[in-house]
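Student: all I have is the shape, not the residue letters:
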């Protein structure tokens with residue numbers, strides 16, 4: 001049985017971003033798309049799990065801009081927050097393209 005480290009690398013990064021729903025009870029959170037601040041309303045948060053500082057690598061969206069988590073995920077793809085398999089395969093072959101993202 002052969003191992004392919006490239007497939008393991010791609011699988012790890014494809015599973016590293018999680019989309020969570022939450023309702024802020026105390027603090028106000030700003031939507032990254034519309035810029036409005038909300039409290040006590042449903043919000044979506046995309047977190048890049050593979051970093052130490054999670055607040056720097058997260059995006060937040062409100063329920064007014066996104067009707068469900070699939071819309072939020074589609075928006076994350078548009079702004080290039082989520083990884084694509086093509087990008088990760090190129091990154092594995094040539095790590096110097098990391099800074100062009």
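Tutor: Nice, I can see it. Only a predicted model underlies this, so the values are computations on that prediction, with no experimental measurement involved.
Student: can we go C-alpha only for contacts and neighbour counts from here?
Tutor: Will do.
Student: which residues are in contact with the residue nearest to residue 88 when sequence neighbours are not counted?
Tutor: For residue 88, ignoring the flanking residues on the chain, the nearest one in space by C-alpha to C-alpha, 6 or more residues apart in numbering is residue 10 at 5.9 Å. When contacts are counted by C-alpha atoms under 8 Å, 6 or more residues apart in numbering, residue 10 touches 85, 88-89.
Student: part of a strand, is residue 10?
Tutor: No - counting by DSSP: H, G, I helix; E, B strand; the rest coil, residue 10 is not part of a strand but helix.
Student: and the strands in the chain?
Tutor: Remark: strands assigned in the chain by DSSP state E are 17-22, 29-30, 37-38, 43-48, 58-62.
Student: identify whichever of these lies nearest to residue 68.
Tutor: With C-alpha to C-alpha as the criterion, residue 68 lies closest to strand 43-48 of the strands of the chain, at 8.6 Å.
Student: and stretch 14-27, how far from the chain's centre?
Tutor: Relative to its chain's centre, stretch 14-27 lies at 10 Å (C-alpha atoms, centre = their mean, to the nearest Å).
Student: now do it: distance from first to last residue.
Tutor: Terminal residues of stretch 14-27 are spaced 31 Å apart (C-alpha to C-alpha, to the nearest Å).
Student: same check on stretch 19-39?
Tutor: First-to-last residue span, stretch 19-39, C-alpha to C-alpha: 19 Å.
Student: what's in contact with it?
Tutor: Stretch 19-39 has contacts (C-alpha under 8 Å, 6+ apart) with 40-47, 59-62, 65, 69, 73.
Student: got the contact list for the residue most central in space within the chain?
Tutor: With distances taken as C-alpha atoms, centre = their mean, residue 46 lies nearest the centre of the chain, 4.2 Å away. By C-alpha under 8 Å, 6+ apart, residue 46 lies in contact with 17-20, 58-60.
Student: list buried residues within those residues.
Tutor: Neighbour-count burial within the contacts of residue 46 applies to 17, 19, 58-60; the criterion is 16 or more other C-alpha atoms under 10 Å.
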